[in-house]
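1. Sequence and predicted structure below; questions after.
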Amino acid sequence: MNVSDFDFHLPKELIAQHPSEKRDHSRLMVLNKTEKTIEHKHFYDIVDLLDENDVLVINDTKVIPARLIGEKEETKALIEVLLLEEQEKNVWQALTKPAKRVKIGTKINFTNQLTLECIRVHDEGLRDYKLIYEGILIEVLEQLGTMPLPPYITEYLEEQNRYQTVYAEHPGSAAAPTAGLHFTIPLLEKLKEKGIEIIPITLNVGLGTFRPVSVDKVEAHDMHHETYTVSKESALRLNKAKQSGKNIVCVGTTSLRTVESNYNDGFHEGTYSTNIFIYPGYKFKAIDKLITNFHLPKSTLIMLVSALSDREFIMNAYEEAIKNKYRFFSFGDAMLIK
């Protein structure tokens, strides 16, 4: 399968630079994967599109202010670091620019509050750092770091919490699970009142979000590992829902990858690592419906979405979205595939 099969032309003006004024007022394209129909709604209509036979799985990860700019200790050269994932206690893997200036033993200072010492060098600008600081790390990062917005968002975000879901709870992500950005507390309450169960899982979004596909053949792409956690309560609730024949509706591709990675003759509590790569031909084990945003051309995410339906239908839906001037990517509009 060719990566070029998932390419499309996206006018630059459709890349959303800011979130919609109200979270749940984004547009919502509704795709029926069986009947191959397309409807145009708003996100607040999700209350009418789901019912008590649906169970909503959300990713409650919280984005940390993981983008840091510091000085190389020896030369005072500016180095940008994006913390991706904690490998062990106070050792983080990070994207580094310019990476060629950072070798094993290099120290980068961020005022007098934080020092990063490079302990391992990897390809693609990745480095492992030992973090040296006093106090609580998240508090240090909140003082020194900024929200790691994707590179296609070039304008300043006034309200930093708009790149955070309203149910974000567990810090650890380098990017937001953006399909969840459309939900508000009142909207979630309406869903609960309708009898729709909401079950949290946690996947810390890492390098896979930032890494483009650089091969020609889909099958040759290598996904990076990401860490996810399913609590005992969530595993029990998911198993009960599955056994009673309810639909598993994942909010975002991170929730979907967690559900599909974890399901093996049932759901299991614990913390695990996954590098699952879903593309057309994949046989889904647990998920029934997906709420997601519109993704980049030739990305692993548009491949995943195509696997849930079929490539031709999804690519046609993207053409329809462009024709109707839907807003794309992190702060863009949403899609429900049912």
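-> That came in fine, so what should we check first?
2. could you show me where the helices are in the stretch 1-150 of the chain, in order?
-> Remark: helices assigned in the stretch 1-150 of the chain by DSSP state H, counting those that start in this stretch are 46-49, 137-144.
3. ugh, wrong one, I meant the stretch 151-300 of the chain
-> In chain order, the stretch 151-300 of the chain shows helices spanning 185-193, 232-243, 253-262, 300-308, with DSSP H, counting those that start in this stretch as the criterion.
4. With distance to residue 63 added, can I get those helices in CSV?
-> The way it works is simple: take the backbone N, C-alpha and C, and place the C-beta from them, glycine included. Conversion of the helices of the stretch 151-300 of the chain to CSV gives the following (distance: least, C-beta to C-beta, whole Å):
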stretch, distance to residue 63
helix 185-193, 18
helix 232-243, 21
helix 253-262, 12
helix 300-308, 17
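5. can you list the ones you listed in TSV and add mean pLDDT and distance to residue 206?
-> Converted to TSV, these look like this (pLDDT from 0 to 100; distance: least, C-beta to C-beta, whole Å):
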stretch	mean pLDDT	distance to residue 206
helix 185-193	97	26
helix 232-243	98	21
helix 253-262	97	10
helix 300-308	95	13
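6. Name the stretch among these that sits most buried.
-> When you average the neighbours per residue for each of those (mean count of other C-beta atoms under 10 Å), helix 253-262 leads with a mean of 26.
7. And residue 338, how close does it get to residue 49?
-> From residue 338 over to residue 49 the distance is 7 Å, taken as C-beta to C-beta, to the nearest Å.
8. Quick check: neighbours shared by the two?
-> Listed as contacting both residue 338 and residue 49 by C-beta atoms under 8 Å, 6 or more residues apart in numbering are residue 30.
9. hang on, the earlier thing: to residue 69, which of the helices of the stretch 151-300 of the chain lies closest?
-> With C-beta to C-beta, the closest approach to residue 69 among the helices of the stretch 151-300 of the chain belongs to helix 253-262: 26.9 Å.
10. helices or strands up against that closest one?
-> Contact analysis of helix 253-262 by 3 or more C-beta pairs under 8 Å, 6 or more residues apart in numbering; DSSP states H and E lists strand 54-59, strand 197-203, strand 226-230, strand 247-251, strand 270-274, strand 289-293, helix 300-308 as its packing neighbours.
11. how does it look with 10 Å?
-> strand 54-59, strand 197-203, strand 226-230, helix 232-243, strand 247-251, strand 270-274, strand 289-293, helix 300-308 (3 or more C-beta pairs under 10 Å, 6 or more residues apart in numbering; DSSP states H and E).
12. how far off strand 226-230 does that helix point, in degrees?
-> Here helix 253-262 points in a direction 70 degrees away from that of strand 226-230 (axes from the mean of the first three to the mean of the last three C-alpha atoms, to 10 degrees).
13. Tell me how many other residues surround residue 320.
-> 14 (other C-beta atoms under 10 Å).
14. if I look at it, how far off is residue 48?
-> According to C-beta to C-beta, residue 320 stands 21 Å off from residue 48.
15. and what of residue 34?
-> On the measure of C-beta to C-beta, residue 34 and residue 48 end up 19 Å apart.
16. for residue 227, same thing?
-> Using C-beta to C-beta, one obtains 36 Å as the distance from residue 227 to residue 48.
17. Between the two, point out the one with more neighbours.
-> Taking neighbours as other C-beta under 10 Å, residue 227 and residue 48 compare with residue 227 leading, 17 against 10.
18. And that one, how far from residue 149?
-> Residue 227 is 22 Å from residue 149, where distance means C-beta to C-beta.
19. Check residue 141 too.
-> Residue 141 sits 15 Å away from residue 149, going by C-beta to C-beta.
20. Read off the pLDDT value for the residue sitting nearest the centre point of the chain.
-> The central residue of the chain, meaning the one whose C-alpha is nearest the mean C-alpha position (C-alpha atoms, centre = their mean), is residue 177 at 3.6 Å. Model confidence at residue 177, given as pLDDT, is 95.
21. How many residues are close by residue 80?
-> By the measure other C-beta under 10 Å, the count of residues near residue 80 is 15.
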